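Participant: Build the 3D model from these lines:
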Amino acid sequence: MNYKSKVNRIIKDVIVPPLGDRGPEGFEMKSQMKKKSEAQKTRQKDFMERLLDGMAVEWKPLGEVAELKRGKTITAKTKTAGDIPVISGGQSPAYYNAEFNRDGETITVAGSGAYAGFVMYWNEPIFVSDAFSVKPDLAVLSTRYVFHSLLNNQAWIHNLQKGSGVPHVYPKDLAQLQIPIPCPDDPVKSLKIQTEIVRILDTFTELTAELTAELTARKKQYTYYRDQLLTFEEGEVEWKPLGEIAKILRGASPRPIAKFVTDDENGVPWIKIGDTSPASKYVTKTAQKITPEGAKNSRVLKKGDFIMSNSMSFGRPYILKIDGAIHDGWASISDFEDKLNSDYLYHYLSSNNVQNYWISKINSGSVSNLNADIIKTLPVPIPPLEEQERIVSILDKFDALTTSITEGLPREIELRQMQYEYYRNMLLTFPKGKE
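Facilitator: Residues are numbered from 1 along each chain as shown. Below is the predicted model:
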């Protein structure tokens, strides 16, 4: 039996089977996995024993089997226009340059900033700037194998951050990370094992990448259909300023707010930006409450009302699933039910046309935020309620597919990522001496 067949059989026999068509219920969630930690350890030990089949595993510091090399500083002003990714301190290229200083398979580690230690893989010319590269000795280690090993230690690498101001991760510290080398006395066999481990793990990452690409395409499709369905010819439907068919008010804050924050169960939910989720159109709970006295000096809303941030990421609508009070960083929209379906209004306020309207009003005036007077001026198309419901039924399907964390593509991507991490841990956790 060749090695590839052997690994596949061991996976089938020992590891939890992949999701396949069994749905989310078929995969052990993190909470369940914690409860079964002992059984998992036994399963993992059995798997590794069968995989290694008596072969030794040697652990070596990364610095002994790879070259860790700092990048060369380049800025937006000093770069030359081109299409070479410049790798710096973030999770994606900082910009693009005409020259490269690394080629071929390269692992990069962000050198500084909030994402210091973030690991990426490249197989193209790149310019390493505020980062450092990891190039393994290819006679001993596969680059993708080392990449997956580093991802398996991503939390540990982030914890290498040093500095009281801007955090940094240094090559000399990462160089101490121990890398497992299976069958070290037979490099050919060792690389064969690594290749098979990479093949399995890449299967999961490729699937996640495909799902992510599908999500991007579906979001574009949703945006297109939303804007099409919410665009009406002149005279086709009635239009009115939002302020004529809804009550628009600015929030208010009791001061000092610390005086009114309470843990009392009779407190009023205090809605802040941190209580919202980019993936949800609803506000379902709050981290804090304020006293009824504080609520009298705020703006109390009821379930079903809308709120929108009036500064920073302004214009993003949310629907309240709870009663609560809002501070002056929010504007509210209420009492529109006679003319507008709630979900129809949500889709309309989320559309590109409306977002562009807000931007044009703010850029053309002396104000720097989205105040209630601007919101009142928004022209709103008012088709019959039956037509609004038809539009909602179409757009809700796209919305669920592209944003829902309990169904649709985001949920599927999350599950596949969990699955990849589970297999990665299984395949890269080699025994260290006697256990």
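Participant: in which helix or strand would I find Glu64?
Facilitator: helix 62-65 (DSSP states H and E).
Participant: which parts of that helix are buried?
Facilitator: Within helix 62-65, the residues that count as buried by 16 or more other Cβ atoms under 10 Å are 62-63, 65. C-betas here are computed from N, CA, C, even on glycine.
Participant: With stretch 416-432 instead?
Facilitator: Applying a neighbour-count criterion of 16+ other Cβ under 10 Å, one finds 416-424, 426-428, 430 buried in stretch 416-432.
Participant: Distance check, the nearest residue to Asp137 once chain neighbours are set aside against Ser142.
Facilitator: Nearest-residue entry for Asp137: Val65, 5.2 Å, with adjacent residues in sequence omitted and distances by Cβ to Cβ, 6 or more residues apart in numbering. As judged by Cβ to Cβ, to the nearest Å, Val65 and Ser142 stand 11 Å apart.
Participant: Overlap in contacts, those two.
Facilitator: Pro136 (Cβ atoms under 8 Å, 6 or more residues apart in numbering).
Participant: Would you map the helices across the stretch 1-150 of the chain?
Facilitator: The residue ranges that make up the helices of the stretch 1-150 of the chain, judged by DSSP state H, counting those that start in this stretch, are 3-14, 30-35, 37-52, 62-65, 143-151.
Participant: which stretches of the stretch 201-350 of the chain have low pLDDT?
Facilitator: Using pLDDT under 70 as the threshold, the predicted model of the stretch 201-350 of the chain has low-confidence ranges 312.
Participant: Quick one: the helices in it, in order.
Facilitator: Under DSSP H, counting those that start in this stretch, the stretch 201-350 of the chain gives helices at 242-245, 292-296, 342-350.
Participant: what comes up buried for the last one?
Facilitator: When you say that, I think you mean helix 342-350. Using 16+ other Cβ under 10 Å, the residues of helix 342-350 that count as buried are 343-350.
Participant: can you list contacts of that helix?
Facilitator: 226, 230, 281, 304, 306, 308, 315-317, 319, 333, 336, 354, 380-381, 388-389, 391-392, 395-396, 399.
Participant: continuing past that helix, what's the next helix or strand?
Facilitator: Next helix or strand after helix 342-350 toward the C-terminus (DSSP H and E): helix 352-364.
Participant: Quick one: work out the angle between that next one and helix 342-350.
Facilitator: In terms of direction (axes from the mean of the first three to the mean of the last three Cα atoms, to 10 degrees), helix 352-364 departs from helix 342-350 by 50 degrees.
Participant: Just the CA coordinates for the very next helix or strand once past helix 352-364, please, in CSV.
Facilitator: Stepping forward along the backbone from helix 352-364, the first helix or strand reached (DSSP H and E) is helix 372-376. Extracted as CSV, the C-alpha positions of helix 372-376 are listed here (Å, rounded to 0.1, in the frame of the first residue of the first chain):
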residue,chain,number,x,y,z
ALA,A,372,-31.5,63.8,11.8
ASP,A,373,-32.1,66.7,9.4
ILE,A,374,-30.2,65.0,6.7
ILE,A,375,-31.9,61.6,7.3
LYS,A,376,-35.4,63.3,7.1
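Participant: which parts of helix 372-376 are buried?
Facilitator: 372, 374-376.
Participant: I'd like the mean pLDDT over the very next helix or strand once past it, please.
Facilitator: Reading on from helix 372-376 to the C-terminus, the next helix or strand found by DSSP H and E is strand 379-382. Averaged over strand 379-382, pLDDT sits at 96.
Participant: who does strand 379-382 pair up with?
Facilitator: On the basis of DSSP bridges, the sheet neighbours of strand 379-382 come out as strand 238-241 (antiparallel).
Participant: and for the strand it pairs with, what are the contacting residues?
Facilitator: For strand 238-241, contacts defined as Cβ under 8 Å, 6+ apart pick out 339, 376-382.
Participant: Among these, the buried ones, what's the ChimeraX command?
Facilitator: Selecting just the buried residues from those in ChimeraX takes one command, with 16+ other Cβ under 10 Å as the test:
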select :339,376,378,380,381,382
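Participant: Closest one of the contacts of strand 238-241 to Gly235?
Facilitator: Ranking the contacts of strand 238-241 by separation from Gly235, with Cβ to Cβ as the measure, puts Pro381 on top at 11.3 Å.
Participant: any idea how far that closest one lies from Leu395?
Facilitator: Pro381 is 14 Å from Leu395, by Cβ to Cβ.
Participant: same question, Leu415
Facilitator: Shown here: Leu415 relative to Leu395, a distance of 25 Å by Cβ to Cβ.
Participant: Apart from its chain neighbours, what residue comes closest to Leu62?
Facilitator: Using Cβ to Cβ, 6+ apart, the nearest residue to Leu62 is Leu177, at 4.7 Å.
Participant: Export the buried residues of helix 62-65 as a markdown table, with columns for distance to Thr205.
Facilitator: As requested, those are arranged in a markdown table below (distance: Cβ to Cβ, whole Å):
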| residue | distance to Thr205 |
| --- | --- |
| Leu62 | 21 |
| Gly63 | 26 |
| Val65 | 23 |
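Participant: Between these, which sits nearest Glu244?
Facilitator: Each of the buried residues of helix 62-65 was checked against Glu244 using Cβ to Cβ; the closest is Leu62, at 66.0 Å.
Participant: Met426 versus that closest one, what's the distance?
Facilitator: Using Cβ to Cβ, Leu62 is found at 21 Å from Met426.
Participant: Just confirm Val169 contacts Gly117, I think it does.
Facilitator: Yes: under the contact definition of Cβ atoms under 8 Å, Val169 touches Gly117, with a separation of 4.2 Å.
Participant: Pull up the overlap in contacts between those two.
Facilitator: Residues within reach of Val169 and of Gly117 at once, by Cβ under 8 Å, 6+ apart, are 109-110, 157-158, 160-161.
Participant: Among the residues you listed, which ones are in strands?
Facilitator: 109-110 (DSSP state E).
Participant: Can you select the buried ones from the shared contacts of Val169 and Gly117 in ChimeraX?
Facilitator: Below is the selection syntax for ChimeraX that covers the buried ones among the shared contacts of Val169 and Gly117, with 16+ other Cβ under 10 Å defining burial:
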select :109,110,157,158,160,161
